[in-house]
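K.L.:
3D, please:
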Amino acid sequence: MLTKEDILKAEDLDFEDVEIKEWGGSVRVRCMTGTERDAFEASIYEIKGNKANIIRENFRAKLIARTLIDEKGERLFSDKEINLIGKKAAKSLEKIFTVAQKLNGLSQTDEDEFVKNLESGEENTSISTSPNSLEEQ
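P.N.:
Got it, this is the predicted structure:
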């Protein structure tokens, strides 16, 4: 059985390097922490009563800002720099976004379940997102 110390010292933030030819090199994308994922989810939903509106503006850039890191594991971009990321070519951003989505377990099922629970009035609703479905709506 794992101890608290075992859990806290485990290095569980997986990452993947992604070649972006248009930028002349590679970037490192990693799994978000629980706190980062909560902040990301809070930034893409506007909740009023039992209705959730999805904020689509700079959606990909918001995820990318929270997942691009340097070789030391530090974020490359702050939340204040999201608009700068959003100005880069969509083709390049999509490559990074797809990897960030995979590493962070973002799926259509999670979003559907959240919206369903919210609209049915369930109190234990957790927010998860599906980047592809948000863009398609």
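
K.L.:
pLDDT weak spots in this protein?
P.N.:
Counting by pLDDT under 70, the chain contains low-confidence residues at 108-137.

K.L.:
ok, now how distant is the residue nearest the centre of it from residue 32?
P.N.:
Geometric centre of the chain, nearest residue: residue 63, 3.9 Å, by C-alpha atoms, centre = their mean. Residue 63 is 8 Å from residue 32, where distance means C-beta to C-beta, to the nearest Å. For the C-beta atoms, the positions are set from N, CA and C on the backbone; glycine is no exception.

K.L.:
shared neighbours, these two?
P.N.:
Common contact partners of residue 63 and residue 32 (C-beta atoms under 8 Å, 6 or more residues apart in numbering): 40, 104.

K.L.:
now the helices for this structure?
P.N.:
Using DSSP state H, the helices of the chain run over 4-9, 34-44, 59-67, 82-86, 90-103, 108-120, 131-136.

K.L.:
who does the longest one touch, helix- and strand-wise?
P.N.:
Translated: helix 90-103. Helix 90-103 is packed against strand 15-20, strand 25-30, helix 59-67, helix 131-136, with contacts defined by 3 or more C-beta pairs under 8 Å, 6 or more residues apart in numbering; DSSP states H and E.
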